[in-house]
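1. Predicted model follows, preceded by the sequence.
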Amino acid sequence: MVFLLIFLTLLHLVTLAMLFIATLEKSWWIWDDLEITDLWYNCFHDNATKTWLCAATNESDWLQSVQALMVLSVVFSSISFLIFLGQMFTMSKGGLFYLTGFCQAFAGFTTFAACLIFTFHRKEILSESRDLSKGRFGYCFILAWLCVPLLMVSGVLYTHLRKKD
């Protein structure tokens, strides 16, 4: 059970770091090597100065939904970890980590919903006038999809984890 506890704690921290990166980094959609789009900014690479110039994204209802769901997943995963730490020190022997598992699974569902919305409504989110065949999904989008099963598995494992002395 100690190994499960250590594994689950490490899994939670790794997944939380992945969620932070997927939410805050600049690579949800790559138009070409000189232009990228994320949840917050559209960025262009300036070859003269060798820097990225970023401007706020065009707000759409779908984009705001994805933004809210990704922030919500980070918040719920963070709260889940804090609840887990609190339960480690206050819960009686033999208790189960149901609340921690529920929060972690809910973070997985919100990430899943955000990824689905971005997948199916990327034309409205990115810009209706552009040709989507000239772009591809970035690593942050893929990282968000990888978080979904990890969050769900850790949520299920938390519900089976018992506190022992």
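-> Arrived safely.
2. Can you pull the poorly scored residue ranges out of this protein?
-> 1, 94, 128-130, 163-165 (pLDDT under 70).
3. need the strands for it, in chain order.
-> Assignment of strands within the chain using DSSP state E yields the ranges 29-32, 35-37, 41-46, 51-56, 136-137.
4. List the neighbouring strands of the shortest one plus their orientation.
-> Just to be clear, that refers to strand 136-137. strand 29-32 (antiparallel) (DSSP bridges).
5. list the buried ones in the strand it pairs with?
-> Residues 29-31 are the ones in strand 29-32 that count as buried (16 or more other Cβ atoms under 10 Å). Backbone N, C-alpha and C define where each C-beta goes, glycine included.
6. which residues touch the residue nearest to residue 123 when sequence neighbours are not counted?
-> Closest residue in space to residue 123, ignoring its immediate chain neighbours: residue 132 at 6.0 Å, by Cβ to Cβ, 6 or more residues apart in numbering. Contacts of residue 132 were listed using Cβ atoms under 8 Å, 6 or more residues apart in numbering, and they are 122-123, 126.
7. wait, which of those is closest to residue 103?
-> residue 122 (28.7 Å; Cβ to Cβ).
8. Would you mind measuring from the spatially most central residue of the chain to residue 121?
-> The residue lying closest to the centre of the chain (Cα atoms, centre = their mean) is residue 19, at 3.3 Å. Residue 19 sits 21 Å away from residue 121, going by Cβ to Cβ, to the nearest Å.
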